[in-house]
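A.B. asks: Predicted model follows, preceded by the sequence.
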Amino acid sequence: MRRRPIIGIPTQTLHSIDGIPEGLPESWVMSQRYSRAVAAAGGLPVMIPLLEDEDTLRALYDRMDAMFLPGGVDLDPATYGESPLPTCGRLDPARDRVELRFAGWAIAEGKPLFGLCRGLQIVNVALGGTLYQDIAAQRSDAIKHDYFPTAGYSRDHLAHQVTVASGSRLDALVGTAPLKVNSMHHQAVKDLAPGLVPTAVAPDGLIEALESPGKQFLLGVQWHPESLTDRDPRMHRLVTGFVEAASR
């Protein structure tokens, strides 16, 4: 029986501000959807705690066959050399630190790396790129991208179409036929990092997918395929393609 690859999924800090009962300790959490999608694609999902000890983090990383960076809160603008705007959202510096460290190791060593939404942004920042802190405030020509469940939209709401670049890794996984995606973000790639190429764009020109042109499986998408795998086989293929790369 073929060994199933171990896929690391970083967590996020759950604070008292998030509504947990008073007196309970701070916790690390992550949506079940990511682990379920990885498991359905043949991987073994393992949640990564946001520890401070570098040796422990490195030991965890070394046991992973691939890294899967999920969505979540905003990146701290300090990670790309800016001060936060008033419209920048909630931050999780511990998560930023761990994810940037894991992404850096994976990029340097060629370990498969797949980023979704915030995860795409982590990949860009890890390689030296920057972000729009708030699309509506910084791009007057942008369409609506912030279809958040907290505003009444379902997580599988198909918000807009993306155009996939022919000949890209993304093309090999999902093809270039019209692709409608969900959209739950208010930050986006501003300056693309060196070594990355855009492989999908929204109607307003914002980058919706990026990847490395090399042999490494290094891919980020700005949408949430984990919420669409049941309705669109192409979204499932995105995850299975990543898990297959981890198996190799």
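C.D. replies: Everything's here; your move.

A.B. asks: Would you mind finding the longest helix in the chain?
C.D. replies: helix 93-109 (DSSP state H).

A.B. asks: Stretch 119-139: which residues count as buried?
C.D. replies: 119-127, 129-135, 139 (16 or more other Cβ atoms under 10 Å). Using the backbone N, CA and C atoms, a C-beta is placed for each residue, glycine as well.

A.B. asks: again with stretch 52-59
C.D. replies: Neighbour count says stretch 52-59 has Leu57 buried, by 16+ other Cβ under 10 Å.

A.B. asks: circling back: next one: the longest helix of the chain to chain centre, how far?
C.D. replies: 12 Å (Cα atoms, centre = their mean, to the nearest Å).

A.B. asks: who touches that helix?
C.D. replies: If you take Cβ atoms under 8 Å, 6 or more residues apart in numbering as the criterion, helix 93-109 is touched by 8, 10-13, 48, 50-52, 54, 57-58, 61, 66-67, 69, 72-73, 75-76, 79, 111-113, 115, 119, 122-123, 125-127, 212, 216, 218.

A.B. asks: Now intersect these with the helices, please.
C.D. replies: Those of the contacts of helix 93-109 lying in helices (DSSP H): 54, 57-58, 61, 119, 122-123, 125-126.

A.B. asks: Identify, from those residues, the entry nearest to Ala159.
C.D. replies: Of all the ones in helices among the contacts of helix 93-109, Ala159 sits closest to Gly119, with 18.2 Å by Cβ to Cβ.

A.B. asks: Could you list the low-pLDDT ranges of the protein?
C.D. replies: 1, 15-20 (pLDDT under 70).

A.B. asks: Output the contacting helices and strands for the helix or strand where Arg36 lies.
C.D. replies: According to DSSP states H and E, Arg36 maps onto helix 32-40. Contacts defined by 3 or more Cβ pairs under 8 Å, 6 or more residues apart in numbering; DSSP states H and E place helix 32-40 against strand 6-10, strand 44-48, helix 233-247.

A.B. asks: and the gap between the closest residue to Gln187 other than its chain neighbours and Ala193?
C.D. replies: Spatial nearest neighbour of Gln187, chain neighbours left out: Leu131 (5.1 Å); criterion: Cβ to Cβ, 6 or more residues apart in numbering. Remark: distance between Leu131 and Ala193 (Cβ to Cβ, to the nearest Å) = 11 Å.

A.B. asks: Need the overlap of contacts for those two.
C.D. replies: 124-125.

A.B. asks: didn't Thr11 look like it was pressed against Tyr34?
C.D. replies: No - taking contacts as Cβ atoms under 8 Å, Thr11 lies outside contact range of Tyr34: 10.3 Å.

A.B. asks: Give me the neighbour count for Gln215.
C.D. replies: Just to correct that, residue 215 is Lys rather than Gln. 8 (other Cβ atoms under 10 Å).

A.B. asks: wait, what's in contact with it?
C.D. replies: Gly110.

A.B. asks: What separation is there between it and Val38?
C.D. replies: 22 Å.

A.B. asks: and if you look at Ala209?
C.D. replies: Ala209 is 19 Å from Val38, by Cβ to Cβ.

A.B. asks: what does Ala188 give?
C.D. replies: 25 Å.
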